[in-house]
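Visitor: Sequence first, then the predicted structure, then my questions.
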Amino acid sequence: MIVPSKLIDSHSLRYNIRSATDKDAKSLSVIRLQIDGETENLDREKGEAFLNETSFKQLIKKDTDNSKNLFLVAEVNGEIAGFSRCEGNHLKRTAHKVEFGVGVLKEYWGFGIGKNLLKESIKWADSNEIKKITLSVLETNVKAIELYRKNGFEVEGILKNDKYLSDGKYYNTVMMGRVFQTN
C-alpha cells in the first residue's frame, strides 16, 4: 500500500518517511546488508537471506499492490537511512493482523527514525482495519522493547534460547503485540 510521505525534524536531523518505490530497490539491498552487519538485534548474520535489487523490486511491488502490506523508507538527504515493513495476509482467520519489522543504519540511531517508522506504521494500521500488529525483539534490545511498550505493545510470550549470538550464548526472543480497538 502507498501512504503519503511525512517530513520529520528530530534531534537536529530532517528526514522524510515515505512508501518504498522500485527506485529504492538497489539502495535497500545494500542498506539491509549493512544493517545486518551492524547489529545482532536482527535475525540474520550479514549476508544471510540476501535480497538483491530484483528481489527488492518484487517485494516492493507486492507490498504496494497489497492492502495488508506497508513498506516504508526513511530518507535523509536523498539517501535511505532505514526502513520498515508490515506484512499481513488475506487468510480469513489472520487477515486482521500484520507483522512489523524495522532496520536503521547505525549512524542514524538516536534520531527517532525507528520510532517514527513505527508510529507511521501504527497510524496506517489504525486507518486500514488492521486490529493487531505483532513483532519479535531480542531480549537484550532494551531500548526497542521500551519503545514498543510506550507505543501500546505488550509482551505476549518469550521464545527461550531462540537466538545464538557471536558471544556463544543463547538469548530469548520477546514476542510483542499491539491490539487496536475492536468494533
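Guide: On my side now, so go ahead.

Visitor: What backbone torsions are found at Glu107?
Guide: Per-residue torsions, Glu107: phi -60, psi -20 (degrees, to the nearest 10).

Visitor: For Glu129, see how far away it is.
Guide: 37 Å (CB to CB, to the nearest Å). For the C-beta atoms, the positions are set from N, CA and C on the backbone; glycine is no exception.

Visitor: same deal with Val98?
Guide: Applying CB to CB to Val98 and Glu129 gives a distance of 11 Å.

Visitor: of those two, who's got more company?
Guide: Val98 (24 against 12; other CB atoms under 10 Å).

Visitor: Might you report the residue contacts of that one?
Guide: Shown in contact with Val98 (CB atoms under 8 Å, 6 or more residues apart in numbering): 68-70, 86-88, 125, 130, 132-134.

Visitor: low-confidence ranges in this structure?
Guide: Applying pLDDT under 70 to the chain flags the ranges 182-183.

Visitor: Which helix or which strand is home to Ile17?
Guide: Assigned by DSSP states H and E, Ile17 falls within strand 13-19.

Visitor: Then Thr64?
Guide: Using DSSP H and E, Thr64 falls in helix 53-65.

Visitor: same question, Ala74
Guide: strand 70-76.

Visitor: And for Phe83?
Guide: Phe83 belongs to strand 79-88, assigned by DSSP H and E.

Visitor: following that strand, which helix or strand comes up?
Guide: From strand 79-88 onward toward the C-terminus, using DSSP H and E, the following helix or strand is strand 97-104.

Visitor: and that following strand, how far from the chain's centre?
Guide: 3 Å (CA atoms, centre = their mean, to the nearest Å).

Visitor: Show me which residues of it are buried.
Guide: By 16 or more other CB atoms under 10 Å, the buried positions in strand 97-104 come out as 97-98, 100-104.

Visitor: now stretch 154-173
Guide: 162-163, 171-173.

Visitor: same question, stretch 137-153
Guide: Quick answer for stretch 137-153 (16+ other CB under 10 Å): 137-138, 141, 144-145, 147-148, 153.

Visitor: now stretch 122-133
Guide: For stretch 122-133, by 16+ other CB under 10 Å, it's 122, 124-125, 130-133.

Visitor: Quick one: end-to-end distance for it.
Guide: 8 Å (CA to CA, to the nearest Å).

Visitor: Give me the contact list for it.
Guide: 1, 3, 67-68, 70, 86, 88, 96-100, 121, 151-153, 177-180, 182.

Visitor: just how off-centre is that stretch within its chain?
Guide: So, by CA atoms, centre = their mean, the centroid of stretch 122-133 is 14 Å from its chain's centroid.
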